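In: following is a predicted model, sequence given first.
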Amino acid sequence: MNHFSRKLYPLASIAAGVCTLAVALPASAVDLKTPDGSWTFSVDGNVNVDYIYTHCESNPKAIVDVGGACTATASGSSVSNVGNGLLPAAFTFGVSTTQAGWDLAAHLGLYPGIDTNDGGSPNLQQTAGGTTNVALGTTGLDVRQVYMTFGNKDVGTFTLGRNFGLFGFDAIVADMTLIGVGVGGSMSGPNPSNTSLGSIGYGYIYTDTYAQMNYTTPDFNGANVTFGIFDPINSLTEPGTAAAKSAPGFHGKVAWKGDFNGTKVSLSATGITQEQRYIKVDGTPGSYQSTGGDVFGKLDMGGLSLMASGYYGRGMGITGLFLLADDGAGNARDSYGYLLQATYTVQQLKVGINYGVSRLAFANDADRLADYGSAAHLVSANSKVTGGAYYSLTKNLTLLGEVSWAQTTAHAASDVNNNSSVGFNAGVFMAF
């Protein structure tokens with residue numbers, strides 16, 4: 001499993017107290033009001049295109065991973081693609097009103113890619129044989145968000161529907177490669193999905209989108225708390241068969257923002273837990289508890305921005321939620337990672353660098369012994385460094401270029417058992 005059909009996402013503003021992916025741009029390109037002024041309809045989004053070149057590992061090692069460094073094939077080690085970056089294109093629509101002292105809103109996000117495939121992003125709906133990048137094809141449409149909110153500044157806000165999760169959200173929003181590419185992921189192959197990896201699996205686990213019911217408290221001196229339940233999701237890498245869950249998943253977040261004479265500080269901490277149930281290959285029931293947490297901090301001083309995030313989980317897996325999270329016998333694996341980033345902005349130019357690593361441990365000694373006797377060894381760590389430059393040609397149009405080095409290391413004989421790749425991308429990001 002060397003390729004994770006990566007995903008990620010949209011732009012949208014923070015509206016009615018709801019968190020969506022945001023870039024420092026106008027709240028929406030279009031705001032239309034009904035004749036009586038009671039309802040507001042808004043539209044925003046982006047279109048982005050990158051040329052992506054990757055030099056993959058020419059002497060590939062067999063490593064069991066999700067979204068690791070790309071590897072060469074018999075045809076060669078260099079790969080070129082033209083596609084979206086970490087974000088697909090986005091067209092998001094919202095409606096809002098205030099009635100009887102309550103702020104009501106609904107949001108729908110449509111995220112088309114530009115690569116030829118028959119699914120959305122991350123291409124889970126493949127044609128037979130998995131070959132999608134062919135003549136007479138078309139791109140996919142990804143519906144990641146459809147939710148409503150209601151509340152007010154005194155009561156707080158309720159969010160219900162399909163939206164981004166809380167765990168890992170702040171890290172990906174602050175990732176400088178959000179409007180770029182970062183690690184190419186499946187873009188470094190013959191059947192690219194609609195999005196790259198950025199730093200997903202190289203410092204944080206992808207936040208993902210799923211059905212949820214949340215409540216966010218009013219702000220108290222810049223602080224608020226969000227907690228709720230979500231539809232429990234299955235693991236794509238579980239060797240058994242997924243079983244129904246008796247309880248929902250639970251997640252929560254504490255966030256605070258402050259401004260000290262122009263120095264802006266953002267801090268947050270998130271927790272998540274869900275029981276994973278499945279039927280083992282031998283027909284017996286299996287389960288394990290997935291529990292994780294993350295911390296995030298960001299400091300903005302003039303043109304300098306510093307960011308650090310980290311996570312730890314048991315049964316959380318690597319790259320995506322619950323991927324490679326246990327040994328197949330119900331024994332959860334520990335995982336952790338962090339992302340460090342520094343950017344500096346001078347007038348219209350922003351330059352930056354980030355470094356991230358995600359690690360996955362064996363569940364127990366039996367898991368370790370089974371791995372040593374296998375042909376492909378479990379991933380120990382994914383690490384990467386990205387350097388980027390982002391130039392705002394206009395308020396809504398950014399020219400960008402990035403260089404990324406990525407390495408995937410296996411547990412067994414880790415000193416020699418690794419794959420590495422180097423990627424370059426240049427593109428244009430237009431937001432509206």
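Out: Received it, and whenever you're ready, just let me know what you need.
In: Asp294 pairs with what?
Out: For Asp294, the beta-bridge partners are Thr270, Tyr311 (DSSP bridges).
In: ditto for Thr98
Out: Asp103.
In: what is the burial count for it?
Out: Counted with other CB atoms under 10 Å, residues neighbouring Thr98 total 14. Bear in mind the C-beta positions are built from the backbone N, C-alpha and C, glycine included.
In: okay, it: pLDDT?
Out: Here the pLDDT value assigned to Thr98 is 97.
In: over to the one 4 residues further on?
Out: Confidence per residue is given as pLDDT, and for Trp102 that number is 97.
In: any idea how far it lies from Gly151?
Out: Counting by CB to CB, to the nearest Å, the separation of Trp102 from Gly151 is 7 Å.
In: Gly201 now?
Out: Look at Gly201 and Gly151: by CB to CB, they are 34 Å apart.
In: over to Met187?
Out: As judged by CB to CB, Met187 and Gly151 stand 39 Å apart.
In: out of those two, which sits in the more crowded spot?
Out: Neighbours per residue (other CB under 10 Å) separate Met187 from Gly151, with Met187 holding more: 30 against 21.
In: which stretches of the stretch 301-432 of the chain form strands?
Out: 304-314, 334-346, 349-360, 377-392, 397-410, 418-431 (DSSP state E, counting those that start in this stretch).
In: and the ones you listed: which comes nearest Thr132?
Out: Comparison of the strands of the stretch 301-432 of the chain against Thr132 by CB to CB identifies strand 418-431 as nearest, at 21.3 Å.
In: now for the closest one, which elements pack on it?
Out: Strand 418-431 is packed against strand 39-55, strand 397-410, with contacts defined by 3 or more CB pairs under 8 Å, 6 or more residues apart in numbering; DSSP states H and E.
In: switch to 10 Å and redo it
Out: Packing contacts for strand 418-431, counted by 3 or more CB pairs under 10 Å, 6 or more residues apart in numbering; DSSP states H and E, involve strand 39-55, strand 78-83, strand 377-392, strand 397-410.
In: chain center to it: distance?
Out: 16 Å (CA atoms, centre = their mean, to the nearest Å).
In: what of stretch 211-227?
Out: Worked out by CA atoms, centre = their mean, stretch 211-227 lies 21 Å from the chain centre.
In: now it: buried residues?
Out: 211-212, 214-217, 224, 226 (16 or more other CB atoms under 10 Å).
In: as JSON lines, those with secondary structure would be great.
Out: Below are these laid out as JSON lines (DSSP: H, G, I helix; E, B strand; the rest coil):
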{"residue": "Ala211", "secondary structure": "strand"}
{"residue": "Gln212", "secondary structure": "strand"}
{"residue": "Asn214", "secondary structure": "strand"}
{"residue": "Tyr215", "secondary structure": "strand"}
{"residue": "Thr216", "secondary structure": "strand"}
{"residue": "Thr217", "secondary structure": "coil"}
{"residue": "Asn224", "secondary structure": "strand"}
{"residue": "Thr226", "secondary structure": "strand"}
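In: okay, the residues you listed in JSON lines with distance to Asn81 and pLDDT next?
Out: Output for the buried residues of stretch 211-227, formatted as JSON lines (distance: CB to CB, whole Å; pLDDT from 0 to 100):
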{"residue": "Ala211", "distance to Asn81": "32", "pLDDT": "98"}
{"residue": "Gln212", "distance to Asn81": "33", "pLDDT": "98"}
{"residue": "Asn214", "distance to Asn81": "36", "pLDDT": "98"}
{"residue": "Tyr215", "distance to Asn81": "42", "pLDDT": "98"}
{"residue": "Thr216", "distance to Asn81": "39", "pLDDT": "98"}
{"residue": "Thr217", "distance to Asn81": "44", "pLDDT": "98"}
{"residue": "Asn224", "distance to Asn81": "41", "pLDDT": "98"}
{"residue": "Thr226", "distance to Asn81": "37", "pLDDT": "98"}
